[in-house]
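> mind folding the following:
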Amino acid sequence: MRRSLLSLCVAALVILVSPLTAFAATRPPLGGAGYFAVLAGTTVTNTGPTWISGQVGVAPGSAITGFPPGSSGPQHKGDSVATTAQTNLTAAYTNAAAQPCPGSHNYTGANLGGKTLVPGVYCQTTAPTLTGTLTLNGAGIYIFQIGSTLVTASGSVVRLIGGAQPCDIFWQVGSSATIATSTTFVGTIMALTSIAMQTGATLNGRALARNAAVTLDSNRIIQAGGCPGDTFGAPPAGTPPPGFTGPASLGVPIELRGEFPWLLVIGIGAGVGATALGVSARRRRRRTA
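Residues are numbered from 1 along each chain as shown. A predicted model of the protein is given here:
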């Protein structure tokens, strides 16, 4: 009987722990790129009263236009800060692209609109236009690996519930991203080529383009904050770039936060409890023998 109970405990632990390891996503190391709300490779262009609550940078290009009428934090045009940020962005992009995507999380050809997803890695070799509302439920890291272009329909929404945070959401885009008019988007967009924010679109996160332009038009971009800073390739604690005005957590790497592994605790507890029951039953048999 004891052997049977132990076997059941092991099986329960495997079942409970496997999803935690298979679906886990880890935070891409943004490093210096995390200091920016907008970062481009060639140019940043703006039309209209765009408002950006963080820094704007470009490298190796040096052109940032449309401010005013737009407003932002400090701007870095082809300087060492922006250049380092681009190097860090490449590392973060590569990291996000390499994280394993479980087969059950492959949504190639499927519209993410109307779905509710939990933390993990999700992949789409080809991604149709995101239409409607995508709901992200729960605290933890979300990584979306988009093999080609990321496009939203006008008025689309990324909605967070259950403790999901903007700074925990990452979109690794293999080509370009287009956030359509009046879309409410969330997360750090890391695009290989370009990012276009169309009229009235809002972003709670970052628009980071590696090789080409970021185009803005009367947008609102709120740099994601409140999550731990990067500890891989980030500047030393207390030494943010010159003129840095972003969230303090980005300047001081702290302990990584994650969702508490309740399933693991429950599984271990079940194993200990079952073992105790087996020992107790054995003692009763000895007393009655």
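
> how about the helices in the protein?
2-22, 80-98, 262-288 (DSSP state H).

> could you give the bridge partners of residue 120?
residue 142 (DSSP bridges).

> that one - how many residues pack around it?
The number of residues packed near residue 120 is 21, by other CB atoms under 10 Å. Every C-beta, even on glycine, is put in place using the N, C-alpha and C of the backbone.

> please apply the same query to the one 10 residues further on.
Other residues within reach of residue 130, judged by other CB under 10 Å, total 25.

> with adjacent residues omitted, what lies nearest to it?
Leaving aside its chain neighbours, residue 130 sits nearest to residue 152 (4.5 Å; criterion: CB to CB, 6 or more residues apart in numbering).

> got the end-to-end distance for stretch 117-133?
11 Å (CA to CA, to the nearest Å).

> what residues sit buried inside that stretch?
117, 119-124, 127, 129-131, 133 (16 or more other CB atoms under 10 Å).

> where does pLDDT dip in the stretch 1-150 of the chain?
Applying pLDDT under 70 to the stretch 1-150 of the chain picks out residues 1-23.

> and with 50 instead?
6, 10-22 (pLDDT under 50).

> now do the strands in the stretch 51-200 of the chain.
51-52, 55-58, 63-65, 75-77, 116-117, 120-124, 133-137, 142-146, 150-151, 157-161, 169-173, 177-179, 184-191, 195-197 (DSSP state E, counting those that start in this stretch).

> for the fifth one, packing partners?
So the one you mean is strand 116-117. Where contact means 3 or more CB pairs under 8 Å, 6 or more residues apart in numbering; DSSP states H and E, strand 116-117 is packed against strand 133-137.

> show me this protein divided up by domain.
With domains defined by automatic domain parsing, the chain comprises 2-21+261-288, 28-250.

> about what we covered before: tell me the one among the buried residues of stretch 117-133 nearest to residue 91.
Set against residue 91, the nearest of the buried residues of stretch 117-133 by CB to CB is residue 121 (17.5 Å).
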